[in-house]
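Peer 1: I'll drop the sequence and a predicted model, then ask my questions.
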Amino acid sequence: MTLASNGQVAIIRTERGLTIAGTRITLYDVMDYVTEQYPPKFIRAMLSLTDEQVNSALSYINAHRTEVEAEYHLVLKETEELRQYYEKQNQERTARIAAKPPKPGTEAIRAKLQAERAKLESQA
């Protein structure tokens with residue numbers, strides 16, 4: 001794997017995939033920002049990483065671009081398949097919940113939410 005400047009392993013493979021050592025952050029999390037062309041400082045702030053961790057991740061991605069991108073696309077595909085599966089599984093439940101009448105005393109907040117939703121939809 002990739003070594004940090006202190007000689008420690010910086011990128012490891014876990015059951016979650018390629019991961020920044022000492023964190024739960026995968027290189028696929030970093031790739032989400034890389035593909036959108038965010039700067040390293042932004043990635044560091046969003047993922048609460050050190051400069052060294054971000055640099056190690058970006059160096060690993062650049063050195064192994066083909067393999068990392070292939071795994072990243074596989075992760076995206078699996079994530080979308082899971083989202084669709086759970087959306088289908090919860091479709092009936094969601095419809096049942098939506099059909100329930102509002103709880104007493106929530107009329108004002110529901111009206112405010114509906115007004116905001118209408119406002120957002122009119123802007124789209």
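Peer 2: Great, that's in hand.
Peer 1: make it CA atoms for all contacts and neighbour counts henceforth
Peer 2: Fine.
Peer 1: where does residue 28 land on pLDDT?
Peer 2: Residue 28 carries a pLDDT value of 96.
Peer 1: in this structure, which spans are helices?
Peer 2: Assigned helices in the chain, in chain order: 27-35, 40-47, 51-63, 65-89, 91-99, 107-123 (criterion: DSSP state H).
Peer 1: Now render these as CSV, adding distance to residue 18 and mean neighbour count.
Peer 2: Supplementary listing: those in CSV, determined by distance: least, CA to CA, whole Å; neighbours: other CA atoms under 10 Å:
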stretch, distance to residue 18, mean neighbour count
helix 27-35, 6, 18
helix 40-47, 15, 14
helix 51-63, 10, 17
helix 65-89, 8, 13
helix 91-99, 33, 11
helix 107-123, 39, 11
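Peer 1: of all the ones you listed, which lies closest to residue 9?
Peer 2: Taking CA to CA, helix 51-63 is the member of the helices of the chain nearest to residue 9, at 9.5 Å.
Peer 1: what packs against that closest one?
Peer 2: Packing partners of helix 51-63 (3 or more CA pairs under 8 Å, 6 or more residues apart in numbering; DSSP states H and E): strand 11-14, helix 27-35, helix 40-47.
Peer 1: Make a markdown table out of these and add distance to residue 78.
Peer 2: Shown next, in a markdown table, are those (distance: least, CA to CA, whole Å):
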| stretch | distance to residue 78 |
| --- | --- |
| strand 11-14 | 17 |
| helix 27-35 | 12 |
| helix 40-47 | 22 |
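Peer 1: could you dump the helices of the chain to CSV with distance to residue 20?
Peer 2: What follows is the helices of the chain, written out as CSV (distance: least, CA to CA, whole Å):
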stretch, distance to residue 20
helix 27-35, 7
helix 40-47, 11
helix 51-63, 7
helix 65-89, 13
helix 91-99, 36
helix 107-123, 39
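Peer 1: mind checking which of those helices is nearest residue 19?
Peer 2: Residue 19 lies closest to helix 27-35 among those, at 5.7 Å (CA to CA).
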